[in-house]
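# what's the 3D shape of this:
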Amino acid sequence: MQFAMATKIIGVLLILFSSAMLPSLALSLFANDGAESAFSVGFGATLVCGLLLWLPTHSLRRDLNIRDGFLVTALFWLVLGLFGAIPLWLFPDLGLSPAAAIFESISGLTTTGATVITGLDNLPSSLLLYRQILQWLGGIGIIVLAVAILPMLGIGGMQLYRAESAGPSKERKLTPRITSTAKALFGIYLLLTTACAICYLIAGMTPFDAICHAFSTVAIGGFSTHDASLGYYQQNSVLMVSSLFMVASAINFGLHFVALQRKDIRVYSRDSEAAFFLSVLIIATCVVCVLLVITETFPVQDGLIHGLFQTVSIATTTGFTTQDFSTWPLFLPVLLLMLSFMGGCVGSTGGGMKAMRILLIFRQGMRELKQLLHPNAVIPLKIDSRRVQTEIISAVWSFFAVYMFCFVSMWLALLATGLDFTSAFSAVAATLNNLGPGLGEVASNYASVSEGGKAILCLAMLMGRLEVFTMLVLFTPAFWRH
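Below you'll find the model as predicted:
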């Protein structure tokens, strides 16, 4: 284990991360809103600690091994989440405990969108901007990590790309060099963010709100500048813009890259994962809209608009809301929560288990049914006419089993803190899937969750963002043996 190299990388990350506080610090100084001291201390502490970690090791030049990669990947969100909490903790008007500030920071960086803060409409703009920046940085961090870094380590969702399908190669990098891949993905991320902000502005948002919501929409985060989230806006055009960009951000960014490179939108229709994801989304939207209208929860037009928006928001694990969907009739709240387990596509900013895994599990189940009818037949599992290797199927089922085990374990742990059955279930589902809003006591915010419960949910957010195994491997004795 090369702890010196890991220390150097974390130091560099902290130095870079400290600059994320500068826009909010500048806005706070300009507006004289009282938050300047919190951002000044946060910036200084993060920068100094980063320098202290980097300076003793800055001359080291060594390649990372697999264990170093796991450690740095896990520390990326943990350490940045801790330091990102400093301004939130120090701002006196929020009155957050250290645990609550860390929860809010990790929720932002993991693009979960669960919040413990109320009264957003009365908070200074500098603090609102900071929360959105946390999510935006977390979103691009996820994309670069998933597509440019995790394949080198053989972990995470991009390992599934060995299955290969149309569009970007599921095994090769998008460009010959990792740095070029990261730059290409950042360019697409920035392009989507800019386009989203412009569309929000045209739809009727103020410039500040348009920028802030573009950050959280493309990052699939869900933080808003208003307590009512996007329900604050009465324009249907805002909800349509948001729905469009949530779907775009939940699709593999590698597909966006290839589509732009080839100038051919048919790339999306040829990709099995994207087609499966959109099919599930369309079917779920139809069910939700029809039931909202039939039960007279909304008039026809409102039912269609809110049903579409809320289904897309929850299914993509963004977490924006226009209504308290937990009060909707029949099984709709549970259906929407279940959709978050699928989440977005591999290589997107979405959370959940990813559509590719669900697709492979479904096709494996269908193959087993056929095998029962034809026991002597050889029935290969294919994705886009390409055979999926047996070890990939085994890895998917292993991931599913571990994911469910972690879900149940944290659900029981949260019940032990005193949270009721429904609230505990939905809180773990919403944080492990990086969704945000839940049901019951956590439908609007997580302020009522105990300090111990917040710690459990922080772990759930990190595990969900790092796709479980990356965190769990750190707790095995074999990882720390020489």
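
# okay, now residue 247: neighbour count?
The number of residues packed near residue 247 is 18, by other CB atoms under 10 Å. Any C-beta I mention is one placed from the backbone N, CA and C, and that applies to glycine too.

# ok, and the closest non-adjacent residue to it?
In space, and not counting its chain neighbours, residue 247 is closest to residue 312: 6.1 Å by CB to CB, 6 or more residues apart in numbering.

# From residue 250, how far off is that neighbour?
In this view, residue 312 and residue 250 are 8 Å apart by CB to CB, to the nearest Å.

# Name the residue in the two with the higher neighbour count.
A side-by-side neighbour count of residue 312 and residue 250, using other CB under 10 Å, places residue 250 first with 26 against 23.

# what sits against the more buried one?
By CB atoms under 8 Å, 6 or more residues apart in numbering, residue 250 lies in contact with 220, 277, 315-318, 343-345, 348-350.

# So which elements touch the helix or strand hosting the residue nearest to residue 247?
Using DSSP states H and E, residue 312 sits in helix 300-315. Applying 3 or more CB pairs under 8 Å, 6 or more residues apart in numbering; DSSP states H and E, one finds that helix 300-315 contacts helix 236-250, helix 272-294, helix 332-342.

# what packs against the last one?
Pointing back at helix 332-342 there. helix 272-294, helix 300-315, helix 355-373, helix 421-432.

# Need the three-state assignment for residue 330.
coil (DSSP: H, G, I helix; E, B strand; the rest coil).

# On the pLDDT front, check the nearest residue to it once chain neighbours are set aside for me.
Nearest non-adjacent residue to residue 330, counting by CB to CB, 6+ apart: residue 291, 6.1 Å away. You'll see residue 291 listed with a pLDDT of 94.

# Surely residue 291 is in contact with residue 335?
No. If you go by CB atoms under 8 Å, residue 291 and residue 335 don't touch, sitting 9.0 Å apart.

# Now the common contact residues for residue 312 and residue 250.
By CB under 8 Å, 6+ apart, the residues touching both residue 312 and residue 250 are residue 318.

# Quick one: list the elements packing against the helix or strand containing residue 101.
Taking DSSP H and E as the criterion, residue 101 maps to helix 98-109. Packing contacts for helix 98-109, counted by 3+ CB pairs under 8 Å, 6+ apart, involve helix 66-90, helix 125-144, helix 451-465.

# gap between the shortest one and the chain center?
From the chain centre to the centre of helix 451-465 is a distance of 14 Å (CA atoms, centre = their mean, to the nearest Å).

# what comes into contact with it?
74, 77-78, 81, 97, 99-100, 102-103, 106-107, 110-112, 114, 116, 138, 142, 351-352, 406, 410, 413-414, 417, 419, 427-428, 431-434, 446, 449, 471-472.

# List buried residues within those residues.
Buried subset of the contacts of helix 451-465 (neighbour count, 16 or more other CB atoms under 10 Å): 74, 77-78, 81, 99-100, 102-103, 106-107, 110-112, 114, 116, 138, 142, 351-352, 406, 410, 413-414, 419, 427-428, 431-434, 446, 449, 471-472.

# Just give me the neighbour total for the residue nearest to residue 330.
When neighbours are counted by other CB under 10 Å, residue 291 registers 18.

# swap in residue 233?
Count around residue 233 with other CB under 10 Å applied: 20.

# ok, it touching residue 204?
Yes. The pair residue 233 / residue 204 is scored as a contact, 6.8 Å apart, by CB under 8 Å.

# mind checking how far the most far-flung residue of the chain relative to its centre is from residue 367?
Centroid-distance maximum for the chain: residue 376 at 43.3 Å, with CA atoms, centre = their mean. Here residue 376 is placed at a distance of 14 Å from residue 367 (CB to CB).

# where does the stretch 101-250 of the chain dip in pLDDT?
Counting by pLDDT under 70, the stretch 101-250 of the chain contains low-confidence residues at 142-179.

# One more pass at 50, please.
Counting by pLDDT under 50, the stretch 101-250 of the chain has low-confidence residues at 149-172.

# just to revisit the earlier point, using PDB, write out every CA atom in the helix holding residue 101.
C-alpha atoms of helix 98-109 as PDB (Å, rounded to 0.1, in the frame of the first residue of the first chain):
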ATOM      1  CA  PRO A  98     -21.300  18.700  12.800                       C
ATOM      2  CA  ALA A  99     -23.200  15.500  11.900                       C
ATOM      3  CA  ALA A 100     -25.900  17.500  10.000                       C
ATOM      4  CA  ALA A 101     -23.400  19.600   8.200                       C
ATOM      5  CA  ILE A 102     -21.400  16.500   7.100                       C
ATOM      6  CA  PHE A 103     -24.700  14.900   6.000                       C
ATOM      7  CA  GLU A 104     -25.600  17.900   3.900                       C
ATOM      8  CA  SER A 105     -22.100  18.100   2.300                       C
ATOM      9  CA  ILE A 106     -21.900  14.400   1.500                       C
ATOM     10  CA  SER A 107     -25.500  14.500   0.100                       C
ATOM     11  CA  GLY A 108     -24.400  17.300  -2.200                       C
ATOM     12  CA  LEU A 109     -21.100  15.700  -3.400                       C
END
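
# and that helix, how far out from the chain's middle?
15 Å.

# Could you number the chain from 13 rather than 1 from now on?
Right, with 13 as the first residue, what we last looked at is helix 110-121.

# And for that helix, what's in contact with it?
With contact meaning CB under 8 Å, 6+ apart, helix 110-121 is reached by 89-90, 92-94, 96-98, 100-101, 106, 108, 124-129, 143, 146-147, 149-150, 153, 233, 235, 443, 448, 458-459, 463, 466-467, 469-470, 473-474.

# same deal with stretch 311-328?
232, 234, 242, 248, 251-252, 254-255, 258-259, 261-262, 292-293, 296-297, 300-301, 304-305, 309-310, 330-335, 337, 348-349, 351-352, 354-356, 362, 447.

# can I get the helices and strands packed on helix 344-354 in CSV with distance to residue 398?
Shown next, in CSV, are those (distance: least, CB to CB, whole Å):
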stretch, distance to residue 398
helix 284-306, 10
helix 312-327, 27
helix 367-385, 12
helix 433-444, 31
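
# Which of those helices comes out lowest on mean pLDDT?
Among the helices and strands packed on helix 344-354, helix 367-385 carries the lowest mean pLDDT, at a mean of 90.

# That one: which residues count as buried?
Buried-residue list, helix 367-385, by 16+ other CB under 10 Å: 367-373, 375.

# Partner strands of the very next helix or strand once past that helix, with direction?
On the C-terminal side of helix 367-385, the nearest following helix or strand under DSSP H and E is strand 394-395. Strand pairing for strand 394-395, using DSSP bridges, gives strand 398-399 (antiparallel).

# on that earlier part again, put the alpha carbons of the helix holding residue 324 into PDB.
This file holds the C-alpha atoms of helix 312-327, laid out as PDB (Å, rounded to 0.1, in the frame of the first residue of the first chain):
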ATOM      1  CA  VAL A 312     -56.100  15.700 -16.900                       C
ATOM      2  CA  GLN A 313     -53.500  18.300 -17.900                       C
ATOM      3  CA  ASP A 314     -51.900  18.600 -14.500                       C
ATOM      4  CA  GLY A 315     -52.000  14.900 -14.100                       C
ATOM      5  CA  LEU A 316     -50.000  14.400 -17.300                       C
ATOM      6  CA  ILE A 317     -47.500  17.200 -16.400                       C
ATOM      7  CA  HIS A 318     -46.900  16.300 -12.800                       C
ATOM      8  CA  GLY A 319     -47.000  12.500 -13.500                       C
ATOM      9  CA  LEU A 320     -44.400  12.800 -16.200                       C
ATOM     10  CA  PHE A 321     -42.100  15.200 -14.200                       C
ATOM     11  CA  GLN A 322     -42.300  13.300 -10.900                       C
ATOM     12  CA  THR A 323     -41.700   9.900 -12.600                       C
ATOM     13  CA  VAL A 324     -38.700  11.100 -14.500                       C
ATOM     14  CA  SER A 325     -37.300  12.900 -11.400                       C
ATOM     15  CA  ILE A 326     -37.600   9.800  -9.100                       C
ATOM     16  CA  ALA A 327     -36.600   7.200 -11.700                       C
END
